[in-house]
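Student: build me a model:
(one chain, ligands or ions: 3)
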Amino acid sequence: MDTIFALASAQGKAGVAVIRLSGPLAHPAAAALSGAALPSRGMRVRSLYGKDGSRLDDGVVLTFQAPASFTGEDVAELQIHGSTAAVNAVMRCLADMDGLRLADPGEFTRRALENGKMDLTQVEGLADLIDAETEAQRKQAQIILAGELGNLAERWRRDLIRAASLLEAVIDFADEEVPTDVTPEVRQLITDVIADLHREAEGVRIAERIRTGFEVAIVGLPNAGKSTLLNALAGREAAITSEYAGTTRDVIEVRMDLEGLPVTLLDTAGLRETDDHVESLGIERAKKRAEAADLRVFLTDDPKELGVQLLEGDIQVLPKSDLRNSSDEGISGKTGQGVDRLISNISRVLGNRTTTHGIATRERHRIALITARDALSAAIAVLESGPDLYDIAAEELRTAIRALEALVGRIGVEDLLDEIFSSFCLGK
Ligand SMILES: Nc1nc2c(ncn2[C@@H]2O[C@H](COP(=O)(O)OP(=O)(O)OP(=O)(O)O)[C@@H](O)[C@H]2O)c(=O)[nH]1
Ligand SMILES: [K+]
Ligand SMILES: [Mg+2]
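Tutor: Ligands and ions are numbered 1, 2, ... in the order given. Just a heads-up that it's a prediction; the model follows:
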């Protein structure tokens, strides 16, 4: 096994940079750099030296002993000054050592997976945590990273293995008297797992939104003030505004952290009949994106004049409140009036939806869950037909068990790994 190394902290200037080494030569390499032996686990303040004996930098050297490390291998971490030149000097020195090479993206985590330090869902949770920008994303990622989906899958798997072995027992003793009828227990075990799988699969859509962000479209007539509102929400001039009706054509996206929820705001072309070819293309886009969005904010006095229907949860606000008599109604992107209220309305609507989801977060999870669920439903149907078909029911159970094993990466992971790790940054 190669010993790998990489910059574990971000590129660029910083107070401290962390270079991580993992593998059989991690400790000897760190010792060679620091000019003296290191404890098998511990922390030392050391100067680091190049091959020619010149001092490269001072730092802290941490050693972790296999299997008690992130990767499960011997690991060393060099905490040095976060200077591009110092990092480069130390990295060059490591690259020159026999048996050491630069890690591929995600390779530390891949080793952790291979050494059983985490399952596949936890690897995904780690990737999500590193990508997390909002509170909701952080919390969701940490639940998965803690292994809760893996624990659930393990519990389902145990129940299904028990159900399968009860069936096998009946099959094996087909010609003899079976002491008790096992089907009620088998059916109970299976239906309980089906209910759990169903609930988790249903929750993925929302969890996926927390991961990737909710889309909120601003919709209205031309000149309603949509782009001005977008800019007020974004706190910057993301979209062109002007007194000309039909200014916005392309959909303009602004990513925001809305009270902890990741939201992509969409500014769209004003809806109207038009002979302008380009504008009508923009209006087509506006309609499509607004329809697909998780939530629509209608900036209008009357949704009917837009020819659209308000769906449950959609928000209607009266435009240009600064030009109206009653001051507490409506919104003004120009003065900022009502903008905070709109933000809390959006996050309340989206927040209400996020309370229902479970632990599974990805389309990959959903596919594994429904594959298992459908196999179990088939097993239940077959069970009704009596003992002759128990072997078919048992086969359906094994299909479900395999799907759960794939979920946590116990089987069939190789083809998935490259895809998952391609999203990892170097040094992770
Ligand atoms: N008084 C007032 N004027 C506004 C407000 N919002 C926008 N305006 C003005 O109304 C005009 C249109 O604003 P935009 O933000 O470009 O409107 P829009 O809905 O994006 O227009 P299109 O992209 O053409 O559909 C501009 O002259 C803005 O300065 C507001 O809240 N109050
Ligand atoms: K305009
Ligand atoms: Mg506009």
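
Student: excluding its backbone neighbours, what's nearest the residue in the chain that ligand 2 sits nearest to?
Tutor: Scanning the chain for the residue nearest ligand 2 gives residue 247, at 3.6 Å (criterion: C-beta to the ion). Every C-beta, even on glycine, is put in place using the N, C-alpha and C of the backbone. Among residues not flanking residue 247 along the chain, residue 240 sits closest, at 5.9 Å (C-beta to C-beta, 6 or more residues apart in numbering).

Student: likewise for residue 300?
Tutor: residue 220 (4.9 Å).

Student: any idea how far residue 347 is from the one you found?
Tutor: Residue 220 sits 21 Å away from residue 347, going by C-beta to C-beta, to the nearest Å.

Student: which residues of the stretch 301-428 of the chain lie near ligand 3?
Tutor: Neighbours of ligand 3 within the stretch 301-428 of the chain, by C-beta under 5 Å from the ion: none found.

Student: could you list the low-pLDDT ranges of the stretch 301-428 of the chain?
Tutor: 327-328, 412-413, 415-416, 419-420, 423 (pLDDT under 70).

Student: swap in the chain?
Tutor: 173-180, 327-328, 412-413, 415-416, 419-420, 423.

Student: show me where it has its helices.
Tutor: With DSSP state H, the ranges of helices along the chain come out as 26-34, 84-95, 107-114, 120-131, 135-145, 148-172, 183-212, 226-234, 277-292, 339-354, 363-384, 390-408, 414-421.

Student: CSV please, covering those and showing mean neighbour count.
Tutor: Output for the helices of the chain, formatted as CSV (neighbours: other C-beta atoms under 10 Å):
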stretch, mean neighbour count
helix 26-34, 22
helix 84-95, 16
helix 107-114, 22
helix 120-131, 21
helix 135-145, 19
helix 148-172, 18
helix 183-212, 18
helix 226-234, 23
helix 277-292, 16
helix 339-354, 16
helix 363-384, 20
helix 390-408, 21
helix 414-421, 13
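
Student: in JSON lines: the ones you listed, plus distance to residue 53.
Tutor: Shown next, in JSON lines, are the helices of the chain (distance: least, C-beta to C-beta, whole Å):
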{"stretch": "helix 26-34", "distance to residue 53": "12"}
{"stretch": "helix 84-95", "distance to residue 53": "12"}
{"stretch": "helix 107-114", "distance to residue 53": "30"}
{"stretch": "helix 120-131", "distance to residue 53": "38"}
{"stretch": "helix 135-145", "distance to residue 53": "43"}
{"stretch": "helix 148-172", "distance to residue 53": "49"}
{"stretch": "helix 183-212", "distance to residue 53": "50"}
{"stretch": "helix 226-234", "distance to residue 53": "55"}
{"stretch": "helix 277-292", "distance to residue 53": "63"}
{"stretch": "helix 339-354", "distance to residue 53": "58"}
{"stretch": "helix 363-384", "distance to residue 53": "51"}
{"stretch": "helix 390-408", "distance to residue 53": "49"}
{"stretch": "helix 414-421", "distance to residue 53": "38"}
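
Student: between those, which gets nearest to residue 320?
Tutor: Of all the helices of the chain, it is helix 226-234 that lies closest to residue 320, at 9.0 Å by C-beta to C-beta.

Student: quick check, the closest one touching ligand 3?
Tutor: Yes. Interface with ligand 3: helix 226-234 contributes 226-227 (C-beta under 5 Å from the ion).

Student: could you say what helices and strands that helix packs with?
Tutor: strand 214-220, strand 252-258, strand 261-267, helix 339-354 (3 or more C-beta pairs under 8 Å, 6 or more residues apart in numbering; DSSP states H and E).

Student: could you redo the last one with a cut-off of 7 Å?
Tutor: Applying 3 or more C-beta pairs under 7 Å, 6 or more residues apart in numbering; DSSP states H and E, we find helix 226-234 packed against strand 214-220, strand 252-258, strand 261-267.

Student: parallel or antiparallel, which strands does the first one pair with?
Tutor: Translated: strand 214-220. Using DSSP bridges, the strands paired with strand 214-220 are strand 261-267 (parallel), strand 295-299 (parallel).

Student: tabulate those strands (JSON lines), appending distance to residue 199.
Tutor: Shown next, in JSON lines, are those (distance: least, C-beta to C-beta, whole Å):
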{"stretch": "strand 261-267", "distance to residue 199": "22"}
{"stretch": "strand 295-299", "distance to residue 199": "23"}
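
Student: save the ones you listed as CSV, and put in mean neighbour count too.
Tutor: Output for those, formatted as CSV (neighbours: other C-beta under 10 Å):
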stretch, mean neighbour count
strand 261-267, 23
strand 295-299, 24
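
Student: who wins for proximity to ligand 3 among these?
Tutor: That would be, of the strands paired with strand 214-220 and by C-beta to the ion, strand 261-267, which comes in at 5.9 Å.

Student: just to revisit the earlier point, can you add distance to ligand 2 and give the helices of the chain back as CSV?
Tutor: Below are these laid out as CSV (distance: least, C-beta to the ion, whole Å):
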stretch, distance to ligand 2
helix 26-34, 61
helix 84-95, 46
helix 107-114, 48
helix 120-131, 35
helix 135-145, 33
helix 148-172, 47
helix 183-212, 30
helix 226-234, 7
helix 277-292, 11
helix 339-354, 19
helix 363-384, 38
helix 390-408, 49
helix 414-421, 43
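
Student: among those, which is nearest residue 301?
Tutor: Of all the helices of the chain, helix 226-234 comes closest under C-beta to C-beta, at 14.0 Å.

Student: I would like the residues contacting that closest one, please.
Tutor: Outside helix 226-234, the residues within contact range by C-beta atoms under 7 Å, 6 or more residues apart in numbering are 218, 220, 237-241, 247-248, 252, 254, 256, 265, 267-268, 270, 299, 331, 333-334, 336, 339.
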